[in-house]
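Novice: Predicted model and sequence follow; I will ask about them next.
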Amino acid sequence: MSLYRHVNTKEELLAVLADRLLDELDVPDLADSTWQEEVAAVFRALHRMWLEHPEFGYIAASQPVDGKVAHRWMERVLAALERSGLSERQVVDAYDSLASYTTGSIQQHAGQKVRTVPAAERVARMRELPEDDFPRVRSFAEALVDRSAEDHFEAGLALILRGISAQTADKTPES
C-alpha cells in the first residue's frame, strides 16, 4: 500500500515500470544511417525486449506509456521518419503503424508460447478443411502456424518500411 503514495493507480505503476524497462532498450548509435535503418533498429530492439518481457507489450497495448524515456524513443523515431520527407501527418501515421505492428506482433507470439494446441495438430486441422473453400489456408498451414517470432517480425517490418518509402517517393499530400 505504501507504493500508492508514489503512484495513484495500478495502471500508473505499470506505466512507470514499462518506462524503466524502456530505459534499458539497447539500440546502436546509427548517426550516419538512413531513416529506414534508424527506425528499424529502434523497433527491432523494442521487439527483442518485449519478447523477453511480453507482459510489458500488453501494458503498451492497453494504455499509453507516457514517460520521458518512452518519449525519448518516440522522438528518435519521429525524427528519423521526418528525415524521409513525409508530411507531419504521414510521420504520425507511420509511427502509429510501426508501434501497432510491433505491439501486435508481441501479443501474437506471446500467445503462441502458451499454446494449448500443439502446432502439428493445428496444421492437421487446417489441412482437413475443405479444399474448395480453403485452398490457401490448407496450402500455407505450416507457414501460418510454425513461424519464428523474429523472422515473422522482420518480414512485416520490411513490408511496412517499404510502404512508408513508397509514400515518400509518391509525395502525395496526406495519402
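Specialist: Perfect, I can see it now.

Novice: For whichever strand or helix holds Tyr101, name the packing helices and strands.
Specialist: Using DSSP states H and E, Tyr101 sits in helix 88-113. With contacts taken as 3 or more Cβ pairs under 8 Å, 6 or more residues apart in numbering; DSSP states H and E, helix 88-113 sits against helix 35-52, helix 54-62, helix 68-83, helix 149-170. (Glycine included, C-beta is placed from N, CA and C.)

Novice: Can you report how many residues lie near Pro135?
Specialist: Residues lying near Pro135 (other Cβ atoms under 10 Å) number 11.

Novice: On the pLDDT front, check it for me.
Specialist: On the pLDDT scale, Pro135 is placed at 97.

Novice: Residue ranges in this protein under the pLDDT threshold?
Specialist: Residues of the chain meeting the criterion pLDDT under 70: 1-7, 111-115, 170-175.

Novice: rewinding a little: distance from the helix holding Tyr101 to the middle of the chain?
Specialist: 4 Å (Cα atoms, centre = their mean, to the nearest Å).

Novice: now do stretch 140-155
Specialist: 15 Å.

Novice: Now do the contacts for the closest residue to Glu38 other than its chain neighbours.
Specialist: Nearest residue to Glu38, sequence neighbours excluded (Cβ to Cβ, 6 or more residues apart in numbering): Ala80, at 3.9 Å. Residues near Ala80 by Cβ atoms under 8 Å, 6 or more residues apart in numbering: 35, 38-39, 42.

Novice: same check, this time on Gln108
Specialist: If you count contacts by Cβ under 8 Å, 6+ apart, then Gln108 has nothing around it.
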